[in-house]
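1. Provided below are the primary sequence and the corresponding predicted coordinates.
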Amino acid sequence: RRSATVYSVRLVRVIARPSVVAVSQLATGGDDAEHCLDQRRHEQARSHRFDGLAWPRMIRRFASPRAQCALVFALTVAAYWPVLDAGFIWDDAGHVTHPALQSWSGLARIWFEPGATQQYYPLLHSAFWLEHRLWGDAPLGYHLLNVLWHATAACLFVALLRRLAVPGALLAGLLFALHPVGVESVAWISEQKNTLSTVFYLAAALAYLRFWDRGRPRPQSTEATGDGRGRIRAYVLATVLFIAALLTKTVTATLPAALLVVAWWRRGRLSWRGDVQPLLPWLIAGVGAGLFTAWFERTGIGAQGADFNLSLVERGLLAGRVGWFYLGKLVWPADLIFFYPRWQIDAAAAWQYLFPVAAFVLLGVLAWAARRGRGRGLLAAALLFGGTLFPVLGFVNVYPFVFSYVADHFQYLASLSVLAVAGAGMVR
């Protein structure tokens with residue numbers, strides 16, 4: 001009979017063995033992503049038995065994607081259960097369908113009349129239109145659905161990390177599902193734009209990775225994996241999901257750039273034909289949607305005037321401070337509030353230059369390490385974090401800057417890369 005101590009030590013070795021391999025590949029980027037994934041699966045398969053002792057049935061079940069998704073859903077619903085008793089707040093009335101838009105003609109106005117809704121996110125407001133027909137003005141339905149969208153996004157995040165062979169996928173998904181910074185997006189009905197758009201964003205990324213991987217040669221072969229029709233279906237599906245994300249919230253316009261960063265992380269290089277060219281239509285659509293939203297923020301919502309009169313230098317100072325603020329709240333989520341104090345940006349204050357300088361120094365160090373084959377994953381995560389935050393760094397006017405330059409819901413999508421690194425680090 002084996003002692004409990006020996007059993008526990010061996011069990012930890014089994015759990016850690018595939019994780020250590022994967023963590024090292026996260027840091028270096030892994031020059032061959034397919035080999036990385038195959039090696040990790042091989043290690044996991046070998047680890048199912050050790051010294052004649054089988055994995056406990058509970059752990060085998062917990063390792064399955066369905067069990068992990070069920071766990072994420074259960075913990076998310078449990079954590080956000082108190083939200084179901086909440087009502088409407090602040091600008092929820094501007095998102096829950098207005099009486100003038102509750103008819104079928106109102107649905108047409110949502111799509112073809114910019115200004116009929118608070119922001120021109122027609123798919124989001126179509127969802128609100130449908131929800132209003134289902135449960136009217138009862139806040140319970142809106143809150144419950146927002147919690148479920150958040151849980152779905154967390155499950156898709158886990159699936160995406162697993163496909164990329166990033167270690168600690170479940171931990172990262174749970175961090176995203178339960179992190180206090182996410183509360184503002186989940187408990188606020190208006191921010192269904194965040195939860196729903198993130199579902200489309202992650203689903204589009206998963207579909208695109210399927211398209212990508214089916215076009216890559218098999219190991220020791222020049223033939224591409226998968227059939228041509230399957231690749232086309234994957235690309236079409238990914239494109240439809242990306243457009244759906246844009247029509248829900250245009251911060252998702254950063255997805256094609258994020259996919260290019262992921263491609264660079266996986267192989268250490270970018271190919272024009274294989275990586276950039278398929279994403280060109282996405283980049284054009286994303287830039288167009290972003291420019292339209294920026295114009296609508298200024299002319300339709302009012303993001304202009306004295307409150308937005310910042311010089312280019314001041315906007316650079318603001319961007320540096322905003323980035324560190326959001327990273328700090330992810331690392332230490334204390335004193336979270338709905339309206340943070342609005343900073344006074346002053347180009348004459350020397351200490352305010354510390355934020356952008358520190359950001360450039362960090363990026364320089366990470367780039368230096370990546371060139372030497374170490375830390376490519378950390379540089380990729382930093383680029384993903386900063387790139388996804390770009391629309392709210394201060395270079396583009398957004399109306400909430402009237403109240404504060406920062407808000408927790410602004411970093412809902414951007415937090416994914418930082419939490420992925422945190423999840424990987426926790427299993428080392």
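-> Happy to help now that I have it.
2. on the three-state scheme, residue 74 is what?
-> Residue 74 carries the three-state label helix when classified by DSSP: H, G, I helix; E, B strand; the rest coil.
3. I meant to write residue 97 there.
-> Under the three-state scheme (three-state DSSP), the conformation of residue 97 reads as coil.
4. next one: residue 394
-> Taking three-state DSSP as the rule, one finds residue 394 in the coil state.
5. neighbours around it, how many?
-> 24 (other CB atoms under 10 Å). Quick note: C-beta positions are derived from backbone N, CA and C, even for glycine.
6. skipping adjacent residues, who's closest to it in space?
-> Distance criterion CB to CB, 6 or more residues apart in numbering; nearest residue to residue 394, sequence neighbours excluded, is residue 318 at 3.7 Å.
7. name the residues of the helix or strand encompassing residue 128 that are buried.
-> When elements are assigned from DSSP states H and E, residue 128 belongs to helix 122-135. Buried residues in helix 122-135, defined by neighbour count with 16 or more other CB atoms under 10 Å: 122-129, 131-132.
8. name the nearest of those relative to residue 69.
-> Closest to residue 69 out of those is residue 127 (22.1 Å), distances taken as CB to CB.
9. go ahead and confirm the closest one touches residue 189.
-> No: Residue 127 is beyond contact range of residue 189, at 11.6 Å (criterion: CB atoms under 8 Å).
10. show me the helices in the stretch 251-400 of the chain, by range?
-> Taking DSSP state H, counting those that start in this stretch as the criterion, the stretch 251-400 of the chain carries its helices at 255-267, 280-296, 312-331, 354-371, 376-389.
11. what's in contact with the second one?
-> Looking back up the chat, that one is helix 280-296. The list of residues contacting helix 280-296 from outside it, by CB atoms under 8 Å, 6 or more residues apart in numbering, reads 114, 119-120, 239, 242-243, 246, 250, 252-257, 391, 396-397.
12. cool, the longest one as well?
-> With contact meaning CB under 8 Å, 6+ apart, helix 312-331 is reached by 179, 181, 310, 336, 343, 345-347, 352-353, 355-359, 385-386, 389, 392-395, 405-406, 408, 410-411, 414-415, 418-419.
13. return the set of buried residues in it.
-> In helix 312-331, counting by 16+ other CB under 10 Å, buried: 315-323, 325-327, 329-330.
14. if we can go back for a sec, just the buried ones among the contacts of helix 312-331, please.
-> Listed as buried from the contacts of helix 312-331 are 179, 181, 310, 345, 352, 355-356, 359, 385-386, 389, 392-394, 405-406, 408, 410-411, 414-415, 418-419; burial here means 16+ other CB under 10 Å.
15. before we move on, back to that, check which helices and strands the helix holding residue 128 sits against.
-> Counting contacts by 3 or more CB pairs under 8 Å, 6 or more residues apart in numbering; DSSP states H and E, helix 122-135 is packed against helix 104-112, helix 139-163, helix 192-214.
16. hmm, who's touching it?
-> The contact list for helix 122-135, computed with CB under 8 Å, 6+ apart, reads 95-97, 101-102, 106-107, 110-111, 117, 141-142, 145, 192-193, 196-197, 244, 247-249.
17. quick one: that helix to chain centroid distance?
-> Averaging C-alpha positions (CA atoms, centre = their mean, to the nearest Å) puts helix 122-135 23 Å from its chain's average.
18. any chance of the buried residues of helix 312-331 in JSON lines, plus pLDDT?
-> Below are those laid out as JSON lines (pLDDT from 0 to 100):
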{"residue": "315", "pLDDT": "95"}
{"residue": "316", "pLDDT": "95"}
{"residue": "317", "pLDDT": "96"}
{"residue": "318", "pLDDT": "96"}
{"residue": "319", "pLDDT": "96"}
{"residue": "320", "pLDDT": "95"}
{"residue": "321", "pLDDT": "96"}
{"residue": "322", "pLDDT": "96"}
{"residue": "323", "pLDDT": "96"}
{"residue": "325", "pLDDT": "97"}
{"residue": "326", "pLDDT": "97"}
{"residue": "327", "pLDDT": "96"}
{"residue": "329", "pLDDT": "96"}
{"residue": "330", "pLDDT": "96"}
